[in-house]
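*Asks:* quick one, structure for this:
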Amino acid sequence: MVRIGAMGDVLHALPAVAALRRLRPKWTIGWVVEPRWLPLLQAARMGSEPGRPVVDEIYLAATRDWKRRPVAPKTLGKIFSLRRELRGGRFDLCVDMQGSIRSAVIGRMAGTKEFAGPREPREGPARWLYGEKIPTDAAHVIEQGCELLGRAAGLRLEPEEVGFSVEEDIKRECEAMVERLLPGGERFVLVVPTAGWGAKQWPAERFGAVAEELGRRGVRTLVNASGTDDPVAQSVVRASGGYAAVASADLRHLIALTRRASVVIAGDTGPVHLAAAMRRPVVALFGPTDPARNGPYGTEARVLRHGSERRDHRRLAEPEAGLLQITVEEVAEAAFELLQGKGDE
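*Replies:* As a prediction, this is how the structure comes out:
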């Protein structure tokens, strides 16, 4: 499997790979991924067999670093080292589940007899490198992944539930953080105010206003951040009327924190897909991307979107106009309904 990133895309590919694991338990499954997403694959477990990893072998491709210095001796050394590792695995089939030129090149490096990818890849020239070009017809990207991988492997795959293990020391650290930030609090809402690009990012001040409204109803908010000085998270806290606190968490701690959250509120970004994968209730705020394709899958969810006819993946800096039509009141009410157990499947 080649699915280098990003976070949400890795999570969207996992149900198909878990389905393959269930139907062919003796097959060796390998995955090429960016180092930053390694904890996701290390934690991923079969939902039906909680102790069993979804993936046997994980190969790291630091393509973001390679892009900065593509012809540096260190970069070339890493690329050739990955090629040796992949060929040493003696895999029979490689499937590019990303559809980019770089993922297709990495797939070719594996030297498998069969190499499959999407008939309509994200980057058109990638298809030139595939031996088999597979059409996908499903609406949601998770189901598309099942079509792609299933047809490549000669199987019919249905999305399989994936669990995520949390190490005991990480659990303890998470519990200590929650108790420190929200003393005596039994439940909390986790807010993720950032997104992959500006057009998908609801204003921080509105997230803060939602936290204030929920706080007045007796539920505190933790704001996910990459560090305690994260400016977006700090803006949310300042606008929360004292009802929110910054929770700085790396990916392993985010998994543990998500497990503890009563509801997760976020845009179309990796953590909302993590919450959905972990079957946590979510309020998802969508603007230029289509929730029918990318939305929360398999969990209780409230998906809020205006201007549903628009679909725009340009990396624009300003929030999309439809996203800005989503009100604080709508988000707070959706979260409160989920907190009361009134969410729709």
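
*Asks:* pull the contacting residues for residue 55.
*Replies:* Contact analysis of residue 55 by C-beta atoms under 8 Å, 6 or more residues apart in numbering lists 1, 17, 29, 30, 31, 41, 44. For the C-beta atoms, the positions are set from N, CA and C on the backbone; glycine is no exception.

*Asks:* the stretch 1-150 of the chain: helices as residue ranges?
*Replies:* All helices of the stretch 1-150 of the chain, identified by DSSP state H, counting those that start in this stretch, fall at 7-23, 38-43, 63-68, 73-88, 101-109, 141-153.

*Asks:* by neighbour count, which of the contacts of residue 55 wins?
*Replies:* Neighbour counts for the contacts of residue 55 (other C-beta atoms under 10 Å) peak at residue 1, which has 30 neighbours.

*Asks:* burial count for the residue lying closest to residue 62 once chain neighbours are set aside?
*Replies:* Spatial nearest neighbour of residue 62, excluding adjacent residues (C-beta to C-beta, 6 or more residues apart in numbering): residue 35 at 5.5 Å. As a burial measure, residue 35 scores 14 neighbours (other C-beta under 10 Å).

*Asks:* separation between residue 35 and residue 60?
*Replies:* 5 Å (C-beta to C-beta, to the nearest Å).

*Asks:* can you find the helix or strand in this structure with the smallest mean pLDDT?
*Replies:* Across the helices and strands of the chain, mean pLDDT, DSSP states H and E gives its lowest value to helix 321-324, namely a mean of 90.

*Asks:* where's that helix relative to the chain centroid, distance-wise?
*Replies:* 22 Å (C-alpha atoms, centre = their mean, to the nearest Å).

*Asks:* would you mind identifying the next helix or strand past it?
*Replies:* Using DSSP states H and E, the helix or strand that follows helix 321-324 in sequence is helix 328-339.

*Asks:* buried stuff in that next one?
*Replies:* 328, 330, 331, 332, 334, 335, 336, 337, 338, 339 (16 or more other C-beta atoms under 10 Å).

*Asks:* cool, and stretch 205-222?
*Replies:* Neighbour-count burial for stretch 205-222 [16+ other C-beta under 10 Å]: 206-215, 219-222.

*Asks:* between the residues you listed, which is closest to residue 243?
*Replies:* Using C-beta to C-beta, residue 215 is the member of the buried residues of stretch 205-222 that lies nearest residue 243, at 2.6 Å.

*Asks:* so that closest one versus residue 183, what's the distance?
*Replies:* Counting by C-beta to C-beta - residue 215 and residue 183 are separated by 14 Å.

*Asks:* which residue ranges form the helices in the stretch 151-300 of the chain?
*Replies:* All helices of the stretch 151-300 of the chain, identified by DSSP H, counting those that start in this stretch, fall at 168-181, 204-216, 231-238, 251-260, 270-277, 291-294.

*Asks:* which of those helices is buried the deepest?
*Replies:* With neighbours defined as mean count of other C-beta atoms under 10 Å, the helices of the stretch 151-300 of the chain peak in mean count at helix 270-277, which reaches a mean of 27.

*Asks:* any idea of the mean pLDDT in it?
*Replies:* Helix 270-277 carries an average pLDDT of 96.

*Asks:* other SSEs contacting it?
*Replies:* Using 3 or more C-beta pairs under 8 Å, 6 or more residues apart in numbering; DSSP states H and E, the elements in contact with helix 270-277 are helix 7-23, strand 162-164, strand 188-192, helix 251-260, strand 263-267, strand 282-286.

*Asks:* noted, bye for now.
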